[in-house]
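Trainee: Sequence and predicted model, in that order:
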Amino acid sequence: MAEQSVGHRMQLPHINRFLITIRMTAGLATEEEDPDSQDLSVENSAIDRPVQAEGKPSFKSRSLLSFFSWFRRSKTQRGQKKKLGLPNIGNTCFLNATLQALYSLPSFCADIMGQEALWSPKTKTSLKLQRYFGELYKARQGRSSYHGKRRLLRSVKSSLAVYNEEYKEGFQQDAHEFLMLFLMGMKMQGETQQGTSTTPDYVCPTLNFEFKLQCVRTCSSCGNKVYQEEEHNNLSLDLSSCLTDSLALYFKASELECTCWQCLGPQATVSRGFLTLPRVLVLHMKRFCHDGAELRRVDDAVCIPPVLSLASLLEEQQDVLSSPGGSKTSPLAKPLPSSASVDQLESSGDRDRFQQGASVQDHSVQSSYHLSAIVSHLGESIDCGHYISNVAEGHGGEWLTLDDSRVTRTDEATVLRDREDTAYLLFYVLSGAGEGDPAPL
């Protein structure tokens, strides 16, 4: 009888291990309770832990049957945020925060996931960055392990090292520069894919961010105007008290020293305006400025509106967008061919085509953007700091804070207040351009 009791006691660790595994799966146990867990650092101790929700039953006071019943009912809700965190693989907070912002953009993710047949691991493809982004997208939905995420993040860095050798090292990088490099690499890989693929319907996801500005250079002496298109995928703004003021400052006319080809005048005025609107408007806040030989961080607060309307700005730009013949263009009208040059714009034929493609439209609805994500820089300098992201969760005012592997809930009011002096990248989505909706360009 004594031996039997000992046998039962010897089986208890196995039972405890089973119960702990169940509790960890449900988010009710910590890593410290797992006898087989790795000795993780403080930073990664909460890896893949579900966002804590209220109303969880006490495991000790419920039977296994009632626990499993509750687990099945809440599995869908908890699973959506179960593994949203991304592990820091060595000074990669800039990468994690920016990727989390991109994952908050439905149209961008839909363009990638909807073309999985072109980049899946079973397919020979040039779309490496889309493959790693798509596989990470699945991993965030709970379809991959912590180590799988690390492998995919390393693959992203390795792919970018082809364009910038600094990504071979473990140094911290600038989040804005990473975003530009990531989009450039994705676009170049897409062009390669289009050159070798028999699928002409391929759509490059970077189109979500691209738009065109018209630059008008007016001679201060004779008034001669030269028109030129500029392609952009973001705007870098100087800091002011309000984001709308920063935008207005960007489009404010400026003086430029140049020689007029007609009268040889030495100076001109340069103005810009939107020719097309992007589906996703990325605004880069200039939080670093040169102080001698060093870059100094600027902590000025900027009021961030949850909804950004460009209607008044577009109305003011109508004079800038006037064609050489005097008619006005619209940011939603058909723009000039991308191959058109400044010299081509001087011919009468191109002037006529420019006027034919122009139309004045109501921008009150189509030019409204809602805030989807913020990437913030916390720290004193570009060499000493940490990046985190805040992303909107639907349209109910709920937000998430994503700090590498840690995911916590917050709300819109808190985000807008706390990020006034730390916001570095702002992601605004054009109203009506959600998942599956065409961009009204």
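Mentor: Perfect, thanks for sending it. Just so we're clear, the structure is a prediction, and the values are computed from it rather than from any experiment.
Trainee: Got the domain ranges for this structure?
Mentor: Domain assignment for the chain by automatic domain parsing gives 2-79, 213-277+319-356.
Trainee: weakest of the ones you listed in terms of mean pLDDT?
Mentor: Note on the domains of the chain: lowest mean pLDDT is at domain 2-79, with a mean of 42.
Trainee: Which parts of the stretch 201-350 of the chain are helices?
Mentor: 243-250, 311-316, 348-356 (DSSP state H, counting those that start in this stretch).
Trainee: Give me the distance between Glu315 and Thr244.
Mentor: Glu315 sits at a distance of 14 Å from Thr244 (criterion: Cβ to Cβ, to the nearest Å). All C-beta atoms are positioned from the backbone trio N, CA, C, and that covers glycine.
Trainee: Give me the more crowded residue out of those two.
Mentor: Between Glu315 and Thr244, counting by other Cβ atoms under 10 Å, Thr244 is the more crowded of the two (16 against 12).
Trainee: Might you report the residue contacts of the more buried one?
Mentor: By Cβ atoms under 8 Å, 6 or more residues apart in numbering, the residues touching Thr244 are Pro305, Leu308, Leu313.
Trainee: can you tell me which residues contact the last one?
Mentor: Leu313 makes contact with Thr244, Leu247, Ala248, Phe251 under the criterion Cβ under 8 Å, 6+ apart.
Trainee: Nearest to Leu99 among those?
Mentor: Leu99 lies nearest to Leu247 out of these, by Cβ to Cβ, at 25.8 Å.
Trainee: give me the number of residues near Asp245?
Mentor: 15.
Trainee: Distance check, it against Gln262.
Mentor: For Asp245, the distance to Gln262 equals 35 Å [Cβ to Cβ].
Trainee: hang on, the earlier thing: are any of the contacts of Leu313 buried, and which?
Mentor: Among these, those scoring as buried are Thr244, Leu247, Phe251 (criterion: 16 or more other Cβ atoms under 10 Å).
Trainee: of these, closest to Gly223?
Mentor: Gly223 lies nearest to Phe251 out of those, by Cβ to Cβ, at 20.5 Å.
Trainee: Wait, the closest one touches Val270, no?
Mentor: No: taking contacts as Cβ atoms under 8 Å, Phe251 lies outside contact range of Val270: 10.6 Å.
Trainee: Sheet-wise, list the partners of the top strand by length along the chain with their directions.
Mentor: Ranked by number of residues, the top strand in the chain under DSSP state E is strand 368-381. For strand 368-381, the paired strands and their directions (DSSP bridges) read strand 307-309 (antiparallel), strand 384-393 (antiparallel), strand 423-430 (antiparallel).
Trainee: Can you give the contact residues for the shortest one?
Mentor: Contacts made with strand 307-309 from outside it, assessed by Cβ under 8 Å, 6+ apart, are listed as Leu243, Thr244, Leu281, Ser364, Ser367, Ser368, Tyr369, His370, Leu371, Tyr428.
Trainee: Can you flag the buried ones in those residues?
Mentor: For these, a burial check counting by 16+ other Cβ under 10 Å picks out Leu243, Thr244, Leu281, Ser367, Ser368, Tyr369, Leu371, Tyr428.
Trainee: Out of the residues you listed, which one has the lowest pLDDT?
Mentor: The member of those with the lowest pLDDT is Ser367, at 86.
Trainee: For that one, which residues are in contact?
Mentor: Leu277, Ser309, Leu310, Ala311, Leu314, Pro331, Leu430.
Trainee: So how do I select the buried members of those in ChimeraX?
Mentor: In ChimeraX syntax, the buried subset of the contacts of Ser367 is picked out as below (16+ other Cβ under 10 Å):
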select :277,309,310,314,331,430
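Trainee: Which one of the contacts of Ser367 is nearest to Val226?
Mentor: For those, the nearest to Val226 is Pro331 (20.2 Å; Cβ to Cβ).
Trainee: So which bits of the helix or strand harbouring Gly134 are buried?
Mentor: According to DSSP states H and E, Gly134 maps onto helix 128-138. The neighbour-count check on helix 128-138 (16+ other Cβ under 10 Å) flags Lys128, Leu129, Gln130, Arg131, Tyr132, Phe133, Gly134, Glu135, Leu136, Tyr137 as buried.
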